[in-house]
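Colleague: Here is my input; please provide its structure:
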Amino acid sequence: MITGASSGIGAGVAKALSAAGAKVVINYSSNPEKAEKILAEIKAAGGDGMAIKADVSNEQEVLDMFAQTLKKYGTLDILVNNAGLQKDAKFHNMTLAEWNHVIGINLTGQFLCSREAIKEFMRRGIVPERSKSAGKIICMSSVHEVIPWAGHANYSASKGGVMMLMKSIAQEYAPLKIRVNSIGPGAIRTPINHGAWQTPEAYNQLLKLIPAKRIGEVEDIGGAAVWLASDDSEYVNGITLFVDGGMLLYPGFEDNG
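Modeller: Residues are numbered from 1 along each chain as shown. Below you'll find the predicted structure:
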């Protein structure tokens, strides 16, 4: 199950997991046409899946999404908590609605989906022919779980919360062979940050923050997700895997040595 999978990083992760052999549940909140297009592309490539509409900040809709998934496939092995959004504002102008909306989707949504996934992992236990783990959760965080971001306090707070949510449940459920990790993307070419790369001027400005001197692509995140979901990372638990081209390396100091 990949939440927020009708576009951007979520769609890329869904395609990558499908290519690795997973049946995928594409969650979307408001655009069935986009979700069905991604699902059609996955099926055309030989994969299988289904699309389910649900607002991940709504408990009943999350419960219904899990019920539909278990009815169709019998169980769930991998959850990718990807759904997220931004509602940017100067902090002194930020409304409670803007704060709550971002926290609700980006953090509470991960809580609700992780809780239901863990219940299913505990019920089913390990199926050795499928995985050494009873289940895997991948939380989509951001470099902004570490890097402060003026004008985006709600978003950064949500990602800091994701980090501690991930670590806490990774610690709690590791004895049951449930693995919980995060991916922390840097600047990735997606609709959510279109303004940061749509013009040569904006793109060149962005590259000042990225030692690798290129923007990330959704395939970069998809590959990381496949690895974290596989038994190749079976001894990896409670980490954030930053996929950021070196953005966390403080590039402002690169010519200051």
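Colleague: Could you look up the next helix or strand downstream of the longest helix anywhere in the chain?
Modeller: If you go by DSSP state H, the chain has its longest helix at helix 153-173. Remark: after helix 153-173, the chain's next helix or strand is strand 178-185, criterion DSSP states H and E.
Colleague: What strands line up against that following strand, and which way round?
Modeller: strand 135-140 (parallel), strand 240-243 (parallel) (DSSP bridges).
Colleague: Would you reformat these as TSV and include mean neighbour count?
Modeller: The way it works is simple: take the backbone N, C-alpha and C, and place the C-beta from them, glycine included. Output for the strands paired with strand 178-185, formatted as TSV (neighbours: other CB atoms under 10 Å):
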stretch	mean neighbour count
strand 135-140	26
strand 240-243	20
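Colleague: Relative to Ala225, which of the ones you listed is closest?
Modeller: Set against Ala225 and scored by CB to CB, those come closest in strand 135-140, at 5.6 Å.
Colleague: What angle do helix 153-173 and the closest one make with each other?
Modeller: For strand 135-140 against helix 153-173, the angle by axes from the mean of the first three to the mean of the last three CA atoms, to 10 degrees is 160 degrees.
Colleague: what residues does strand 135-140 touch?
Modeller: 9-10, 76-82, 84, 110, 114, 117-118, 120-121, 124, 162, 165-166, 169, 178-183, 185, 225, 228-229 (CB atoms under 8 Å, 6 or more residues apart in numbering).
Colleague: quick one: which helix or strand includes Lys71?
Modeller: Following DSSP H and E, one finds Lys71 within helix 59-73.
Colleague: which element follows that helix toward the C-terminus?
Modeller: Heading C-terminal from helix 59-73 (DSSP H and E), you reach strand 78-81.
Colleague: Next secondary structure element downstream of that next one?
Modeller: helix 96-103.
Colleague: Now that next one: buried residues?
Modeller: By neighbour count on 16 or more other CB atoms under 10 Å, the buried set for helix 96-103 is 98-99, 101-103.
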